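S.K.: test case, fold it:
(4 chains)
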Number of protein chains: 2
Amino acid sequence: MRMSEGVEWAMHTCLNLAWVGADQAVPAARLAAFFELPAAYLNKQLQALVRAGIVRSVSGPRGGFRLARAPDEITPMDIVAAIEGTEEAFRCTQIVARSPRGDPTVDYRKGCAVARTMRKADLAWRAELAARSLADIQADVERHTPTIGQDIRGWFAA
Amino acid sequence: MRMSEGVEWAMHTCLNLAWVGADQAVPAARLAAFFELPAAYLNKQLQALVRAGIVRSVSGPRGGFRLARAPDEITPMDIVAAIEGTEEAFRCTQIVARSPRGDPTVDYRKGCAVARTMRKADLAWRAELAARSLADIQADVERHTPTIGQDIRGWFAA
DNA sequence: GAAATACTACTCGGATAGCGTCTGTCCGAGTACAGCCGG
DNA sequence: CCGGCTGTACTCGGACAGACGCTATCCGAGTAGTATTTC
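M.R.: Below is the predicted model of the structure:
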(Lines give C-alpha, C1' and ligand atoms only; values in the text may rest on other atoms or scores of the structure.)
Protein backbone atom coordinates (compact mmCIF):
# COMPACT_ATOMS: atom_id res chain seq x y z
CA MET A 1 0.00 0.00 0.00
CA ARG A 2 2.39 2.57 -1.31
CA MET A 3 1.21 6.09 -2.03
CA SER A 4 2.23 7.67 -5.33
CA GLU A 5 5.31 9.85 -5.17
CA GLY A 6 3.30 12.50 -7.02
CA VAL A 7 1.43 13.28 -3.82
CA GLU A 8 4.58 14.64 -2.20
CA TRP A 9 5.34 16.69 -5.30
CA ALA A 10 1.80 18.04 -5.48
CA MET A 11 1.73 18.99 -1.81
CA HIS A 12 4.98 20.94 -1.90
CA THR A 13 4.15 22.48 -5.27
CA CYS A 14 0.76 23.68 -4.05
CA LEU A 15 2.51 25.21 -1.04
CA ASN A 16 4.82 27.08 -3.40
CA LEU A 17 1.85 28.29 -5.44
CA ALA A 18 0.22 29.46 -2.21
CA TRP A 19 3.26 31.51 -1.27
CA VAL A 20 3.67 32.91 -4.79
CA GLY A 21 0.05 34.01 -4.76
CA ALA A 22 -2.82 33.52 -7.19
CA ASP A 23 -2.16 36.75 -9.09
CA GLN A 24 0.55 35.25 -11.27
CA ALA A 25 0.80 31.90 -13.04
CA VAL A 26 3.96 29.79 -12.75
CA PRO A 27 4.95 27.37 -15.55
CA ALA A 28 5.34 23.68 -14.72
CA ALA A 29 8.97 23.76 -15.80
CA ARG A 30 9.76 26.43 -13.22
CA LEU A 31 7.83 24.65 -10.48
CA ALA A 32 9.77 21.49 -11.31
CA ALA A 33 13.12 23.28 -11.32
CA PHE A 34 12.54 24.38 -7.73
CA PHE A 35 12.79 20.78 -6.50
CA GLU A 36 14.89 19.47 -9.43
CA LEU A 37 12.02 17.28 -10.59
CA PRO A 38 11.29 16.00 -14.14
CA ALA A 39 9.13 18.77 -15.57
CA ALA A 40 7.00 16.60 -17.86
CA TYR A 41 5.98 14.28 -15.06
CA LEU A 42 5.19 17.08 -12.64
CA ASN A 43 3.07 18.54 -15.43
CA LYS A 44 1.09 15.31 -15.44
CA GLN A 45 0.40 15.63 -11.71
CA LEU A 46 -0.61 19.25 -12.16
CA GLN A 47 -3.12 18.19 -14.78
CA ALA A 48 -4.73 15.96 -12.16
CA LEU A 49 -4.91 18.94 -9.81
CA VAL A 50 -6.58 20.96 -12.61
CA ARG A 51 -9.17 18.23 -13.14
CA ALA A 52 -9.86 18.27 -9.40
CA GLY A 53 -10.38 22.04 -9.46
CA ILE A 54 -7.50 22.74 -7.09
CA VAL A 55 -5.38 24.76 -9.53
CA ARG A 56 -6.21 26.68 -12.71
CA SER A 57 -4.05 26.50 -15.82
CA VAL A 58 -3.28 29.17 -18.39
CA SER A 59 -1.80 28.30 -21.77
CA GLY A 60 0.61 30.26 -23.89
CA PRO A 61 3.31 32.78 -22.97
CA ARG A 62 3.00 34.15 -19.44
CA GLY A 63 0.94 31.03 -18.76
CA GLY A 64 1.31 28.38 -16.10
CA PHE A 65 -0.54 27.29 -12.98
CA ARG A 66 -2.06 29.15 -10.06
CA LEU A 67 -4.24 28.09 -7.14
CA ALA A 68 -7.95 28.02 -7.93
CA ARG A 69 -8.98 28.57 -4.31
CA ALA A 70 -7.59 30.28 -1.24
CA PRO A 71 -5.01 28.19 0.69
CA ASP A 72 -7.38 27.87 3.65
CA GLU A 73 -9.94 26.29 1.32
CA ILE A 74 -7.59 23.52 0.14
CA THR A 75 -7.01 20.48 2.34
CA PRO A 76 -4.38 17.76 2.05
CA MET A 77 -7.32 15.41 1.49
CA ASP A 78 -8.21 17.34 -1.68
CA ILE A 79 -4.69 16.95 -3.05
CA VAL A 80 -4.37 13.28 -2.13
CA ALA A 81 -7.76 12.55 -3.69
CA ALA A 82 -6.77 14.43 -6.86
CA ILE A 83 -3.59 12.36 -7.33
CA GLU A 84 -4.53 8.99 -5.85
CA GLY A 85 -8.23 8.92 -6.59
CA THR A 86 -11.22 8.95 -4.28
CA GLU A 87 -11.74 5.24 -3.78
CA GLU A 88 -10.66 3.87 -0.42
CA ALA A 89 -7.54 1.75 -0.05
CA PHE A 90 -9.37 -1.39 1.07
CA ARG A 91 -11.60 -2.68 -1.69
CA CYS A 92 -14.18 -5.18 -0.46
CA THR A 93 -14.51 -7.82 -3.19
CA GLN A 94 -17.24 -9.50 -1.17
CA ILE A 95 -15.59 -12.88 -0.91
CA VAL A 96 -18.15 -13.60 1.80
CA ALA A 97 -20.73 -13.91 -0.96
CA ARG A 98 -18.76 -16.89 -2.32
CA SER A 99 -18.66 -18.68 1.01
CA PRO A 100 -20.99 -21.63 1.71
CA ARG A 101 -23.29 -19.42 3.76
CA GLY A 102 -23.05 -16.48 1.34
CA ASP A 103 -25.62 -15.25 -1.14
CA PRO A 104 -24.18 -13.94 -4.45
CA THR A 105 -27.22 -11.71 -4.93
CA VAL A 106 -26.71 -9.78 -1.68
CA ASP A 107 -24.47 -6.69 -1.40
CA TYR A 108 -22.14 -7.36 1.54
CA ARG A 109 -20.15 -4.13 1.28
CA LYS A 110 -22.28 -2.44 3.93
CA GLY A 111 -22.87 -5.36 6.23
CA CYS A 112 -19.49 -7.13 6.22
CA ALA A 113 -17.85 -6.54 9.60
CA VAL A 114 -14.38 -6.60 8.05
CA ALA A 115 -15.29 -3.97 5.47
CA ARG A 116 -16.85 -1.82 8.19
CA THR A 117 -13.68 -2.02 10.29
CA MET A 118 -11.46 -1.06 7.38
CA ARG A 119 -13.84 1.70 6.32
CA LYS A 120 -13.85 3.19 9.79
CA ALA A 121 -10.06 3.37 9.79
CA ASP A 122 -10.12 4.87 6.32
CA LEU A 123 -12.57 7.54 7.46
CA ALA A 124 -10.32 8.39 10.43
CA TRP A 125 -7.43 8.84 7.99
CA ARG A 126 -9.51 11.01 5.67
CA ALA A 127 -10.86 13.09 8.54
CA GLU A 128 -7.34 13.83 9.70
CA LEU A 129 -6.29 14.89 6.22
CA ALA A 130 -9.40 17.03 5.79
CA ALA A 131 -8.97 18.74 9.17
CA ARG A 132 -5.93 20.73 8.03
CA SER A 133 -5.49 23.17 5.17
CA LEU A 134 -2.63 24.48 3.09
CA ALA A 135 -2.83 27.69 5.12
CA ASP A 136 -2.27 25.72 8.33
CA ILE A 137 0.79 24.04 6.87
CA GLN A 138 2.05 27.39 5.61
CA ALA A 139 1.74 28.81 9.10
CA ASP A 140 3.51 25.75 10.45
CA VAL A 141 6.49 26.28 8.16
CA GLU A 142 6.55 30.04 8.71
CA ARG A 143 6.81 29.47 12.44
CA HIS A 144 10.14 27.78 11.87
CA THR A 145 11.24 29.84 8.84
CA PRO A 146 9.50 33.23 8.88
CA THR A 147 11.08 34.45 5.64
CA ILE A 148 10.03 31.40 3.60
CA GLY A 149 7.22 33.24 1.79
CA GLN A 150 9.42 36.13 0.80
CA ASP A 151 12.21 33.77 -0.24
CA ILE A 152 9.98 31.68 -2.49
CA ARG A 153 8.33 34.71 -4.10
CA GLY A 154 11.79 36.06 -4.81
CA TRP A 155 13.03 32.80 -6.30
CA PHE A 156 10.06 32.47 -8.65
CA ALA A 157 10.27 36.15 -9.64
CA ALA A 158 13.94 35.83 -10.64
CA MET B 1 -2.92 3.80 -3.12
CA ARG B 2 -4.55 0.45 -3.50
CA MET B 3 -4.36 -2.11 -0.71
CA SER B 4 -3.45 -5.67 -1.63
CA GLU B 5 -6.37 -7.99 -2.13
CA GLY B 6 -4.60 -10.44 0.17
CA VAL B 7 -5.56 -8.32 3.16
CA GLU B 8 -9.23 -9.13 2.66
CA TRP B 9 -8.41 -12.81 2.27
CA ALA B 10 -6.21 -12.81 5.37
CA MET B 11 -8.79 -11.03 7.49
CA HIS B 12 -11.62 -13.42 6.63
CA THR B 13 -9.34 -16.46 6.83
CA CYS B 14 -8.11 -15.47 10.28
CA LEU B 15 -11.73 -15.08 11.36
CA ASN B 16 -12.42 -18.61 10.14
CA LEU B 17 -9.38 -19.90 12.03
CA ALA B 18 -10.66 -18.11 15.13
CA TRP B 19 -14.02 -19.83 14.90
CA VAL B 20 -12.50 -23.21 14.13
CA GLY B 21 -10.28 -22.90 17.19
CA ALA B 22 -6.56 -23.27 17.73
CA ASP B 23 -6.78 -26.95 18.67
CA GLN B 24 -6.85 -28.17 15.07
CA ALA B 25 -4.87 -27.08 12.03
CA VAL B 26 -6.65 -26.35 8.73
CA PRO B 27 -4.83 -26.82 5.39
CA ALA B 28 -4.51 -23.84 3.08
CA ALA B 29 -6.41 -25.68 0.37
CA ARG B 30 -9.43 -26.07 2.62
CA LEU B 31 -9.28 -22.47 3.80
CA ALA B 32 -9.15 -21.39 0.14
CA ALA B 33 -12.05 -23.63 -0.84
CA PHE B 34 -14.29 -21.88 1.67
CA PHE B 35 -14.14 -18.64 -0.35
CA GLU B 36 -13.36 -20.27 -3.73
CA LEU B 37 -9.91 -18.66 -3.75
CA PRO B 38 -6.75 -19.89 -5.54
CA ALA B 39 -5.14 -22.11 -2.91
CA ALA B 40 -1.52 -21.47 -3.88
CA TYR B 41 -1.89 -17.71 -3.62
CA LEU B 42 -3.73 -17.84 -0.31
CA ASN B 43 -0.89 -20.05 0.89
CA LYS B 44 1.48 -17.23 0.03
CA GLN B 45 -0.49 -14.81 2.17
CA LEU B 46 -0.61 -17.32 5.02
CA GLN B 47 3.18 -17.55 4.89
CA ALA B 48 3.32 -13.82 5.52
CA LEU B 49 1.03 -14.30 8.53
CA VAL B 50 3.38 -17.02 9.80
CA ARG B 51 6.39 -14.72 9.48
CA ALA B 52 4.46 -12.08 11.45
CA GLY B 53 3.72 -14.58 14.20
CA ILE B 54 -0.05 -14.38 13.76
CA VAL B 55 -0.58 -18.00 12.75
CA ARG B 56 1.47 -21.16 13.26
CA SER B 57 1.97 -23.71 10.52
CA VAL B 58 2.25 -27.49 10.74
CA SER B 59 3.65 -29.55 7.87
CA GLY B 60 2.68 -33.00 6.73
CA PRO B 61 -0.57 -34.94 7.01
CA ARG B 62 -3.02 -33.49 9.53
CA GLY B 63 -1.05 -30.27 9.09
CA GLY B 64 -2.20 -26.78 8.17
CA PHE B 65 -2.57 -23.43 9.90
CA ARG B 66 -3.92 -22.36 13.26
CA LEU B 67 -3.93 -19.06 15.13
CA ALA B 68 -0.79 -18.43 17.15
CA ARG B 69 -2.54 -16.14 19.65
CA ALA B 70 -6.01 -15.72 21.08
CA PRO B 71 -8.41 -13.76 18.82
CA ASP B 72 -8.54 -10.90 21.31
CA GLU B 73 -4.76 -10.58 21.00
CA ILE B 74 -4.84 -10.13 17.20
CA THR B 75 -5.73 -6.75 15.74
CA PRO B 76 -6.57 -5.84 12.13
CA MET B 77 -3.42 -3.72 12.26
CA ASP B 78 -1.35 -6.85 12.84
CA ILE B 79 -2.84 -8.54 9.79
CA VAL B 80 -2.53 -5.48 7.54
CA ALA B 81 1.09 -5.00 8.62
CA ALA B 82 1.83 -8.67 7.94
CA ILE B 83 0.53 -8.50 4.37
CA GLU B 84 1.27 -4.92 3.36
CA GLY B 85 4.40 -4.26 5.39
CA THR B 86 5.00 -1.87 8.23
CA GLU B 87 6.17 1.20 6.33
CA GLU B 88 3.69 4.04 6.07
CA ALA B 89 1.89 4.81 2.82
CA PHE B 90 3.39 8.28 2.37
CA ARG B 91 7.13 8.05 1.87
CA CYS B 92 8.90 11.37 2.33
CA THR B 93 11.67 11.52 -0.28
CA GLN B 94 12.81 14.84 1.16
CA ILE B 95 12.46 16.86 -2.01
CA VAL B 96 12.73 19.89 0.24
CA ALA B 97 16.42 19.09 0.59
CA ARG B 98 16.80 19.67 -3.16
CA SER B 99 15.12 23.07 -3.07
CA PRO B 100 17.20 26.27 -3.25
CA ARG B 101 16.85 26.76 0.50
CA GLY B 102 17.35 23.08 1.31
CA ASP B 103 20.39 21.41 2.78
CA PRO B 104 21.11 17.89 1.43
CA THR B 105 22.91 16.94 4.64
CA VAL B 106 19.87 17.58 6.85
CA ASP B 107 17.20 14.95 7.56
CA TYR B 108 13.85 16.60 6.81
CA ARG B 109 11.67 13.60 7.54
CA LYS B 110 10.97 14.79 11.07
CA GLY B 111 10.78 18.51 10.46
CA CYS B 112 8.92 18.69 7.14
CA ALA B 113 5.42 19.99 7.80
CA VAL B 114 3.99 17.97 4.92
CA ALA B 115 5.51 14.75 6.21
CA ARG B 116 4.21 15.51 9.70
CA THR B 117 0.70 16.06 8.37
CA MET B 118 0.70 12.81 6.44
CA ARG B 119 2.25 10.93 9.34
CA LYS B 120 -0.42 12.17 11.72
CA ALA B 121 -3.16 10.91 9.41
CA ASP B 122 -1.34 7.61 9.05
CA LEU B 123 -1.14 7.25 12.83
CA ALA B 124 -4.88 7.92 13.13
CA TRP B 125 -5.50 5.16 10.61
CA ARG B 126 -3.20 2.75 12.45
CA ALA B 127 -4.72 3.60 15.82
CA GLU B 128 -8.18 2.79 14.51
CA LEU B 129 -7.01 -0.55 13.14
CA ALA B 130 -5.19 -1.37 16.38
CA ALA B 131 -8.18 -0.48 18.56
CA ARG B 132 -10.18 -3.51 17.46
CA SER B 133 -9.42 -7.21 17.64
CA LEU B 134 -10.51 -10.33 15.83
CA ALA B 135 -12.64 -11.15 18.86
CA ASP B 136 -14.49 -7.85 18.49
CA ILE B 137 -15.22 -8.57 14.84
CA GLN B 138 -16.31 -12.08 15.72
CA ALA B 139 -18.78 -10.68 18.26
CA ASP B 140 -19.96 -8.21 15.63
CA VAL B 141 -20.76 -10.96 13.16
CA GLU B 142 -22.29 -13.24 15.81
CA ARG B 143 -24.69 -10.47 16.76
CA HIS B 144 -26.16 -10.66 13.27
CA THR B 145 -25.64 -14.40 12.70
CA PRO B 146 -25.46 -16.20 16.06
CA THR B 147 -24.86 -19.64 14.53
CA ILE B 148 -21.90 -18.57 12.40
CA GLY B 149 -19.31 -20.17 14.69
CA GLN B 150 -21.10 -23.49 14.77
CA ASP B 151 -21.69 -23.36 11.00
CA ILE B 152 -18.04 -22.72 10.20
CA ARG B 153 -16.78 -25.38 12.59
CA GLY B 154 -19.18 -27.81 10.96
CA TRP B 155 -18.11 -26.92 7.44
CA PHE B 156 -14.42 -27.36 8.20
CA ALA B 157 -15.06 -30.60 10.07
CA ALA B 158 -16.91 -32.10 7.10
C1' DG C 1 0.81 57.05 -37.84
C1' DA C 2 -2.50 53.44 -36.82
C1' DA C 3 -4.79 49.20 -37.41
C1' DA C 4 -5.10 44.69 -39.08
C1' DT C 5 -2.51 40.53 -39.92
C1' DA C 6 0.79 36.94 -40.05
C1' DC C 7 4.40 34.98 -37.38
C1' DT C 8 6.94 33.26 -33.57
C1' DA C 9 7.75 31.55 -29.16
C1' DC C 10 5.87 29.58 -25.26
C1' DT C 11 2.79 26.61 -22.41
C1' DC C 12 -0.51 23.14 -21.40
C1' DG C 13 -2.72 18.60 -22.63
C1' DG C 14 -3.08 14.10 -23.93
C1' DA C 15 -0.95 10.08 -26.19
C1' DT C 16 3.08 6.98 -26.00
C1' DA C 17 7.14 3.60 -23.98
C1' DG C 18 9.70 1.49 -19.73
C1' DC C 19 9.72 -0.47 -15.25
C1' DG C 20 8.49 -2.28 -10.70
C1' DT C 21 5.22 -4.43 -7.80
C1' DC C 22 1.29 -7.20 -7.14
C1' DT C 23 -1.08 -11.37 -8.81
C1' DG C 24 -1.02 -16.09 -9.84
C1' DT C 25 1.30 -20.71 -10.30
C1' DC C 26 4.44 -24.47 -9.81
C1' DC C 27 7.49 -27.95 -7.82
C1' DG C 28 10.70 -29.46 -4.04
C1' DA C 29 11.69 -30.21 1.29
C1' DG C 30 9.89 -32.04 5.31
C1' DT C 31 6.66 -34.80 8.20
C1' DA C 32 3.13 -37.88 10.18
C1' DC C 33 0.73 -41.91 9.36
C1' DA C 34 0.06 -46.64 7.73
C1' DG C 35 1.53 -50.88 6.27
C1' DC C 36 5.18 -54.27 6.37
C1' DC C 37 8.86 -57.02 8.12
C1' DG C 38 11.52 -59.24 11.55
C1' DG C 39 12.14 -60.92 16.18
C1' DC D 1 2.15 -60.54 19.49
C1' DC D 2 5.15 -56.42 19.53
C1' DG D 3 8.63 -53.19 18.01
C1' DG D 4 11.21 -51.14 14.40
C1' DC D 5 11.41 -49.75 9.63
C1' DT D 6 10.21 -48.39 5.12
C1' DG D 7 7.17 -46.37 2.00
C1' DT D 8 3.60 -43.18 0.89
C1' DA D 9 0.67 -39.40 0.85
C1' DC D 10 0.04 -34.98 2.38
C1' DT D 11 1.30 -30.13 3.55
C1' DC D 12 4.07 -26.09 3.81
C1' DG D 13 7.80 -23.14 1.81
C1' DG D 14 10.21 -20.77 -1.42
C1' DA D 15 11.32 -20.16 -6.41
C1' DC D 16 9.29 -19.00 -11.04
C1' DA D 17 6.12 -16.43 -15.01
C1' DG D 18 2.35 -12.94 -16.24
C1' DA D 19 -0.45 -8.64 -15.74
C1' DC D 20 -1.59 -4.23 -14.11
C1' DG D 21 -0.50 0.35 -12.66
C1' DC D 22 3.00 3.78 -11.62
C1' DT D 23 7.03 6.31 -13.63
C1' DA D 24 8.95 8.87 -17.23
C1' DT D 25 8.87 11.10 -21.77
C1' DC D 26 7.51 13.17 -26.08
C1' DC D 27 5.05 15.84 -29.49
C1' DG D 28 0.79 18.31 -30.99
C1' DA D 29 -3.09 22.01 -29.93
C1' DG D 30 -3.81 26.47 -28.47
C1' DT D 31 -2.57 31.25 -27.11
C1' DA D 32 -0.39 35.82 -26.21
C1' DG D 33 2.75 38.89 -27.67
C1' DT D 34 5.41 40.98 -31.41
C1' DA D 35 6.98 42.38 -35.78
C1' DT D 36 5.39 43.44 -40.30
C1' DT D 37 2.60 45.13 -43.82
C1' DT D 38 -0.89 48.03 -45.66
C1' DC D 39 -4.03 51.93 -45.76
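
S.K.: so for the closest residue to A:Val26 other than its chain neighbours, what's the pLDDT?
M.R.: Closest residue to A:Val26 apart from its sequence neighbours, by CB to CB, 6 or more residues apart in numbering or on different chains: A:Gly64 at 4.5 Å. From N, CA and C alone the C-beta is placed, and that goes for glycine too. pLDDT recorded at A:Gly64 is 95.

S.K.: burial count for A:Gly64?
M.R.: Counted with other CB atoms under 10 Å in any protein chain shown, the neighbours of A:Gly64 add up to 23.

S.K.: residues touching it, list them.
M.R.: Applying CB atoms under 8 Å, 6 or more residues apart in numbering or on different chains to A:Gly64 gives the contacts A:Gln24, A:Ala25, A:Val26, A:Pro27, A:Ala28, A:Arg30, A:Leu31, A:Ser57, A:Val58.

S.K.: if we use 6 Å, what do you get?
M.R.: Contacts for A:Gly64 (CB atoms under 6 Å, 6 or more residues apart in numbering or on different chains) come out as A:Ala25, A:Val26, A:Pro27.

S.K.: near DNA strand D, which residues of chain A?
M.R.: Within chain A, the residues that sit near DNA strand D (CB under 7 Å from any atom of the strand) are A:4-6, A:38, A:40-41, A:43-44, A:59-63, A:84.

S.K.: just the helices in chain A please.
M.R.: With DSSP state H as the criterion, chain A has helices at A:5-20, A:28-35, A:39-51, A:76-84, A:113-131, A:134-144, A:148-157.

S.K.: quick check: chain neighbours aside, which residue is closest to the residue nearest the centre of chain A?
M.R.: Taking CA atoms, centre = their mean, the centroid of chain A lies closest to A:Ile79, which sits 1.5 Å from it. Among residues not flanking A:Ile79 along the chain, A:Ala10 sits closest, at 5.1 Å (CB to CB, 6+ apart).

S.K.: returning to what we had before: same list, the contacts of A:Gly64, but as CSV with distance to B:Arg98 and pLDDT please.
M.R.: Listed next are those as CSV, based on distance: CB to CB, whole Å; pLDDT from 0 to 100:
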residue, distance to B:Arg98, pLDDT
A:Ala25, 23, 95
A:Val26, 18, 97
A:Pro27, 19, 97
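
S.K.: out of the residues you listed, grab the one that's most surrounded.
M.R.: Highest neighbour count within these, by other CB under 10 Å: A:Val26, with 19 neighbours.

S.K.: partner residues bridging it?
M.R.: Assessed by DSSP bridges, A:Val26 has beta-bridge partners A:Phe65.
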